[in-house]
Structures are given as structure tokens and as C-alpha cells.
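# Give the three-dimensional model of this entry:
(2 chains)
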Amino acid sequence: MTVKRIAFVQELLKFMGLEGRLHLEWISSAEAQKYVDVVTKFTEKIRNMGPNPLRAINEMKKAG
Amino acid sequence: MDMVKAAKELLLQDKVDIFLGYRKLDGHQIPHGFTKAHVDDLDQLEISLNRYPLEKIACDLAQKDPALKIGILARDCSQRALNLLYTWDQLNPENIETLTVNCCPSPLSTHGDCSYLTPKPTGDYKKAHGVDYNDSPKDFLANHDSGERLSRWMYEFQKCIKCYGCRNVCPVCFCKECSLEHPNLVEPGVLPAEVPIFHLIRATHMAGRCIDCGLCEDACPAHIPLRMLYREVNDAVSDIFGYVPGDHIEKSPFSIIGKTVELTPAPMDV
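Model prediction:
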């Protein structure tokens, strides 16, 4: 069920121009190193992409 | 008129207890439930381009009296909505009779006679900064880069006055509890709605549900191209799962636990 929903939401976010900010990975509790690797890699990816553009838009809206 | 005769027959032969169609009231065509007791009212039955979600009215009636036999003046979109409502056990197909009129073009059918036959005109400003009603989701994706897609949709979504018209008119929105009213997801009483989360919640819930009738887009006072958005939703569901809501009586992949198709999580591209 999760993979179905995530696959769909990834498509939807891509359509909205927000692709790449959602990721799904299966990691067993026995795979500590994999967990570290995935989280590190994703953190780096997001950092390179820069802040969420929605934040700027919503703050601009609040400021009027 | 043949439709009038057919509807009268349904009522007089007790095939249905109520027939849902349209009649004119103060110059407006509005939905009306015709009954055997007032069968001559059917002479005022109106068939035009105007549409309302009659299936939704049928759902409300069936909730009050599950045994009620209901006749419906149906278009193609109504047929798809009915298939979906049967699938979700909201209506019992044994209690529904339909009289079909010609209808709008859609991926499932190409003939028609409906408000959607002439494409909705999109103004120049909307074309330049927003989303064209008649653009196909695939073209939109191909012709605009991700920053532009975001800014165009944000332009559209920011116009939302949070009237809930899209949900209220939707023939397949039947949930007792709606996520759009959940205080943790959508802050009550706050305008404008937080964008794009309000619209994305609805878009997500339309996955495997939307039967592409376009009533939401018709109803939207802010002219947000909702039908185009939910067409993308439908495209995604059909591309990933091969599922077309309302095509026939079949459960949505999102309501089946377990695999319907083989999917692996997308790899992270850096």
C-alpha cells in the first residue's frame, strides 16, 4: 500500500514542480549502515536542492 | 418527447419510486425528483447542457431509505459515477434505473452533447501565468520546467476562496469525514487556504476516484482548472496501475491491500 501511494504522490508532486523531495526506501532494523547511507544521501540531496520554495511563497502571501 | 414517455413509464409501472431529472424553477434548471403521485410534472422535464450531480442526490436518498428505487437521467459521466458508487457500496445497482442522454467527450467516450463540448476559453493572462483549462497534463509537464510548473499552479491555487464547492458538487465525494475539514490538516476559518496543501489533499483523494465529469471545474468560482489537475491524477493512476475509475465495477488499487501491480520504490537520483 505504501509503495502504491508514494509512487502516486511522487507523480503528483512532479506535476506541481516539487519533484525529488519525497523518497521511499525499505530498511530493516538490522540494516544500520543502509539507514545511515540513505539518510545521509537524502539529506545531501535536499541540501543541494535548497529550501522548499513553498515556504517563500506562503511567507510572501502572509506579508501581503 | 421520448424521454418524458420513458420516465413516465418507469414511474407508472412502479419500476422506480422517484425519478431524478431537471425542471425549470424561476428560470433556472434545477434537479427535481419526479414521483408517481405527480407524474404529469414530467411534462416539464428539461434536458439541456446543464448538469448537476444527480447521483449524489441518489446517494443521499439511498442513505435515508436503502430500499428506495431511483431512476436517474444519466449522462456518460453519471454512468461512470454510478459504477464507482456501486463499487464503493454507496448505491445498490438493483435499485437504480437510468435513462441515458447524450453526453460529453472524455477519454472513455467521444460523442456528446454537454457544456463541455465547446472547450472552456482560457484568458490571455491565465495562459501566460496560470494553467490552460484545455492543456493536456502531459503537454503541461513537457512544456514547462519544474519552477514554472510550481509558479503556474501556485497562481491558480492562491485564488482559492475555500468554498468547498469542488467537494460539495463532486458526485464521488461521499466520505462521512472529510480530510479537508480536519483541523490538523486544514486550519479552520483561515483564509486564504494554505497552498498547495488544500488542493493536493483533494487531488490525492481523487486518485482512483475521479470520474472526470468536470463538475468541480464548473463549480469553482475562482476558475481553478481542477479538471485538468484531476486529469493528471487519473493519468498517473492509469499509467501506474492501469486503473480507470468508473470504467467498470472494479475496486481501486488504493483500496486493495497487497499488490495489484509489481512496484518498486523509485531510486533516489542525486
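# going forward, measure contacts and count neighbours with C-alpha atoms only.
OK.
# And the helices in the chain, which stretches?
In the absence of a named chain, chain A is used. Ranges of helices in chain A, per DSSP state H, are A:2-15, A:32-49, A:53-63.
# you looked at the wrong chain, it should be chain B
Under DSSP H, chain B gives helices at B:2-12, B:54-64, B:76-87, B:124-129, B:137-143, B:146-157, B:165-169, B:197-205, B:215-219, B:226-241.
# Which pLDDT does the model give A:Glu59?
pLDDT recorded at A:Glu59 is 76.
# Could you do A:Asn52 as well?
pLDDT recorded at A:Asn52 is 86.
# between the helices of chain B, which gets nearest to B:Ile47?
Nearest of these to B:Ile47, taken as Cα to Cα: helix B:2-12 at 8.9 Å.
# can I get the CA coordinates of the closest one in PDB?
C-alpha atoms of helix B:2-12 as PDB (Å, rounded to 0.1, in the frame of the first residue of the first chain):
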ATOM      1  CA  ASP B   2     -39.500  10.100 -25.800                       C
ATOM      2  CA  MET B   3     -37.500  10.700 -22.600                       C
ATOM      3  CA  VAL B   4     -40.600  12.000 -20.900                       C
ATOM      4  CA  LYS B   5     -42.600   9.000 -22.000                       C
ATOM      5  CA  ALA B   6     -39.900   6.600 -20.800                       C
ATOM      6  CA  ALA B   7     -39.600   8.300 -17.500                       C
ATOM      7  CA  LYS B   8     -43.400   8.200 -17.100                       C
ATOM      8  CA  GLU B   9     -43.400   4.500 -17.800                       C
ATOM      9  CA  LEU B  10     -40.800   3.900 -15.200                       C
ATOM     10  CA  LEU B  11     -42.900   5.600 -12.600                       C
ATOM     11  CA  LEU B  12     -46.300   4.300 -13.700                       C
END
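# by contact count, what packs against that helix?
strand B:18-25, strand B:96-100 (3 or more Cα pairs under 8 Å, 6 or more residues apart in numbering or on different chains; DSSP states H and E).
# what packs against the shortest one?
Right, strand B:96-100. Strand B:96-100 sits against helix B:2-12, strand B:70-74, with contacts defined as 3+ Cα pairs under 8 Å, 6+ apart.
# CA atoms of that strand as CSV?
Taking Å, rounded to 0.1, in the frame of the first residue of the first chain, the C-alpha atoms of strand B:96-100 are listed here in CSV:
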residue,chain,number,x,y,z
ILE,B,96,-31.1,2.2,-9.9
GLU,B,97,-32.6,2.7,-13.3
THR,B,98,-31.0,5.1,-15.8
LEU,B,99,-32.3,6.9,-18.8
THR,B,100,-29.3,7.9,-20.9
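# quick one: strands adjacent to that strand?
strand B:70-74 (parallel) (DSSP bridges).
# For chain A, what lies in contact range of chain B?
Applying Cα under 8 Å from any Cα of the partner chain, we find that chain A lies next to chain B at A:1, A:3-5, A:7-9, A:11-12, A:14-20, A:23-25, A:42, A:45, A:58.
# one step back: averaging pLDDT over each of the helices of chain A, which comes out lowest?
helix A:53-63 has the lowest average pLDDT among these, namely a mean of 76.
# relative to helix B:146-157, how tilted is it?
Interaxial angle of helix A:53-63 relative to helix B:146-157 (axes from the mean of the first three to the mean of the last three Cα atoms, to 10 degrees): 40 degrees.
# in helix A:53-63, what's buried?
Judged by neighbour count using 16 or more other Cα atoms under 10 Å in any protein chain shown, the buried positions of helix A:53-63 are A:Asn58.
# Distance from that helix to the middle of the chain?
Its chain's average C-alpha position is 19 Å from that of helix A:53-63, according to Cα atoms, centre = their mean, to the nearest Å.
# Ramachandran angles for the residue lying closest to B:Leu84 once chain neighbours are set aside?
Distances taken as Cα to Cα, 6 or more residues apart in numbering or on different chains put B:Gly246 closest to B:Leu84, at 4.7 Å, once the chain neighbours are dropped. Per-residue torsions, B:Gly246: phi 80, psi 0 (degrees, to the nearest 10).
# And the pLDDT at B:Gly246?
At B:Gly246, the model reports a pLDDT of 88.
# Buried residues, stretch B:214-231. List them.
Buried-residue list, stretch B:214-231, by 16+ other Cα under 10 Å: B:214-220, B:223-231.
# go on, stretch B:54-62?
Within stretch B:54-62, the residues that count as buried by 16+ other Cα under 10 Å are B:Leu54, B:Glu55, B:Lys56, B:Ile57, B:Ala58, B:Cys59, B:Leu61, B:Ala62.
# what's the closest non-adjacent residue to whichever residue of chain B sits closest to chain A?
At 4.0 Å from chain A, B:Ser146 is the closest residue in chain B, using Cα to the nearest Cα. Spatially, and ignoring its direct neighbours in sequence, B:Ser146 is nearest to A:Gly17 (4.0 Å; Cα to Cα, 6+ apart).
# For the one you found, grab phi and psi.
Taking degrees, to the nearest 10, you get phi 80, psi 30 for the backbone angles of A:Gly17.
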